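K.L.:
Coordinates only, no sequence provided:
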């Protein structure tokens, strides 16, 4: 690769556009043909770029997968944040969190079945995007709990970290794709049953 | 097969012994060489019976697998029952249930790694032994809850069936081998955190 005549700062946006373009095309391609079975050369051919050109922007197929995964998780996160923000009281926020997290995960990981492969690899190999996502959900949960403690809706005796982690464990089978795939029989009833149980555990 | 000269009632115990013998040998063999990859003919050869003789007692490899699976699940169940019976108060019984169920499942499904394959097939295909086992655990849980309601340790407002099902869902990732395999990071802390959360939810 020869150096471009433009200063680095001016190249950023253009590179960023090309990366987005590759990720969009790869998402489309993987969701049709699967992630595991597709090589970067197949992908390059399908989206009309050379393999070398793709490697200029992503060092591996996993790097593209990570970007797709990060986008998906950001989508779930945005949906859950919106559902929680939309409710007034902390108990209702908690109910919405359970419901929205299950529904968004279910839609992404079961309806777009081929993308499930990426999510499963990401969860198994603990990609950076997954760690960040889990951390965000715990943070959101902790904020709701904190608000409920301040409003007097929730008890304050149990250490906040302990409560947060315990409720996070209750949520896990409905947000982690590896567990969710074995929990389909319960996704209808679980958010209601579990958020009610959790709310009883939080009563002051 | 020619008919034996003995009346059916007299054959029962002997048949039972041979079945047990086949199951014991198959358990040993599968736990060393795996369940999926072993054919009935391999098994027959290894344990010194003819394939036809094995088929006299079991109609398929799965039938042998089901017996092994049922034995394993009965072992877990006995261990959990003993742990619960050993505690005096309903809250302590509930804590023991969480701890013993996780530990027994973990030991069986992770230490005896090759038998995990049978457990995974059983859970995926919902074999009869699995359904019966899950039902027993729910029944035990329900009894502990009922005792706690009678002793005044637990609240009585929530319908008992709802409470039982909600707590069962909390336990599921630590008793179902398909979920447990993705929950190893949490098996140390989960029984304590989750039983404490559940006990708070049960406070009258």
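P.N.:
Noted; the coordinates are in hand. This one's a predicted model, so the numbers in the text were calculated from it and none came from an experiment.
K.L.:
For the least confident helix or strand in chain A by mean pLDDT, buried residues please.
P.N.:
Every helix and strand of chain A was ranked by mean pLDDT, DSSP states H and E. The lowest is helix A:8-33, at a mean of 76. Across helix A:8-33, burial judged by 16 or more other Cβ atoms under 10 Å in any protein chain shown covers A:19, A:22-23, A:25-27, A:29-31. No exception for glycine: its C-beta is placed from N, CA and C like everyone else's.
K.L.:
One more: stretch A:132-140?
P.N.:
Within stretch A:132-140, judged by 16+ other Cβ under 10 Å, the buried ones are A:133-134, A:136-138, A:140.
K.L.:
how about the helices of chain A, start to end?
P.N.:
A:8-33, A:40-47, A:51-57, A:61-85, A:90-106, A:113-124, A:128-151, A:160-175, A:177-180, A:190-202 (DSSP state H).
K.L.:
Lowest mean pLDDT across those, which one is that?
P.N.:
Mean pLDDT is lowest for helix A:8-33 out of those, coming in at a mean of 76.
K.L.:
and that helix, what does it pack onto?
P.N.:
helix A:40-47, helix A:51-57, helix A:61-85, helix A:113-124 (3 or more Cβ pairs under 8 Å, 6 or more residues apart in numbering or on different chains; DSSP states H and E).
K.L.:
Repeat the analysis, applying 6 Å as the threshold.
P.N.:
helix A:40-47, helix A:61-85 (3 or more Cβ pairs under 6 Å, 6 or more residues apart in numbering or on different chains; DSSP states H and E).
K.L.:
for those helices, which one sits closest to chain B?
P.N.:
helix A:61-85 (16.9 Å; Cβ to the nearest Cβ).
K.L.:
and that closest one, what does it pack onto?
P.N.:
With 3+ Cβ pairs under 6 Å, 6+ apart as the test, helix A:61-85 has helix A:8-33, helix A:90-106, helix A:113-124, helix A:128-151 packed against it.
K.L.:
where's residue A:62 relative to residue A:30, distance?
P.N.:
Distance, residue A:62 to residue A:30, by Cβ to Cβ, to the nearest Å: 12 Å.
K.L.:
Kindly report the same for residue A:129.
P.N.:
On the measure of Cβ to Cβ, residue A:129 and residue A:30 end up 15 Å apart.
K.L.:
How about residue A:106?
P.N.:
For residue A:106, the distance to residue A:30 - Cβ to Cβ - is 19 Å.
K.L.:
got the contact list for stretch A:175-185?
P.N.:
For stretch A:175-185, contacts defined as Cβ atoms under 6 Å, 6 or more residues apart in numbering or on different chains pick out A:101, A:105, A:109, A:119-120, A:123, A:173, B:178-179, B:182.
K.L.:
rerun that using 8 Å as the cut-off
P.N.:
A:76, A:101-102, A:105-106, A:109-110, A:116, A:119-120, A:123-124, A:134, A:137, A:172-174, A:187, A:190, B:123, B:172-173, B:176, B:178-179, B:182-183 (Cβ atoms under 8 Å, 6 or more residues apart in numbering or on different chains).
K.L.:
Then stretch A:118-132?
P.N.:
With Cβ under 8 Å, 6+ apart, stretch A:118-132 has contacts from A:30, A:35-36, A:62, A:65-66, A:68-70, A:72-73, A:108-109, A:176-178, A:181, B:182.
K.L.:
Just checking the distance from it to the centre of its chain.
P.N.:
9 Å (Cα atoms, centre = their mean, to the nearest Å).
K.L.:
Could you work out the end-to-end span of it for me?
P.N.:
16 Å (Cα to Cα, to the nearest Å).
K.L.:
Specify the residue ranges that define each domain of chain A.
P.N.:
A:10-59, A:65-202 (automatic domain parsing).
K.L.:
Can you lay out the ones you listed as TSV showing distance to residue B:196?
P.N.:
Listed next are the domains of chain A as TSV, based on distance: least, Cβ to Cβ, whole Å:
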stretch	distance to residue B:196
domain A:10-59	40
domain A:65-202	7
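K.L.:
what's the closest non-adjacent residue to residue A:97?
P.N.:
Excluding its sequence neighbours, the residue lying closest to residue A:97 (Cβ to Cβ, 6 or more residues apart in numbering or on different chains) is residue A:84, at 5.4 Å.
K.L.:
so who does that neighbour touch?
P.N.:
With Cβ under 8 Å, 6+ apart, residue A:84 has these contacts: A:93, A:96-97, A:100, A:140, A:144.
K.L.:
I'd like to know how far it sits from residue A:78.
P.N.:
Distance from residue A:84 to residue A:78, by Cβ to Cβ: 11 Å.
K.L.:
Then residue A:173?
P.N.:
For residue A:173, the distance to residue A:78 - Cβ to Cβ - is 22 Å.
K.L.:
more crowded one of those two?
P.N.:
Per other Cβ atoms under 10 Å in any protein chain shown, whichever of residue A:173 and residue A:78 has more neighbours is residue A:173, with 25 against 11.
K.L.:
Tell me if I'm right that that one and residue B:174 touch.
P.N.:
No: in this structure, residue A:173 is not within contact of residue B:174 by Cβ atoms under 8 Å, at 10.4 Å.
K.L.:
Find the residue closest to the residue sitting nearest the centre point of chain A in space, skipping its chain neighbours.
P.N.:
Centroid-nearest residue in chain A, with Cα atoms, centre = their mean: residue A:73, separated by 2.0 Å. Setting aside the residues directly before and after it, residue A:73 is nearest to residue A:133 in space (Cβ to Cβ, 6+ apart), at 4.1 Å.
K.L.:
Would you mind measuring from the one you found to residue A:71?
P.N.:
11 Å.
K.L.:
For the residue nearest to residue A:152 when sequence neighbours are not counted, grab the count of nearby residues.
P.N.:
Distance criterion Cβ to Cβ, 6+ apart; nearest residue to residue A:152, sequence neighbours excluded, is residue A:204 at 6.6 Å. Residue A:204 has 10 neighbours, counted by other Cβ under 10 Å.
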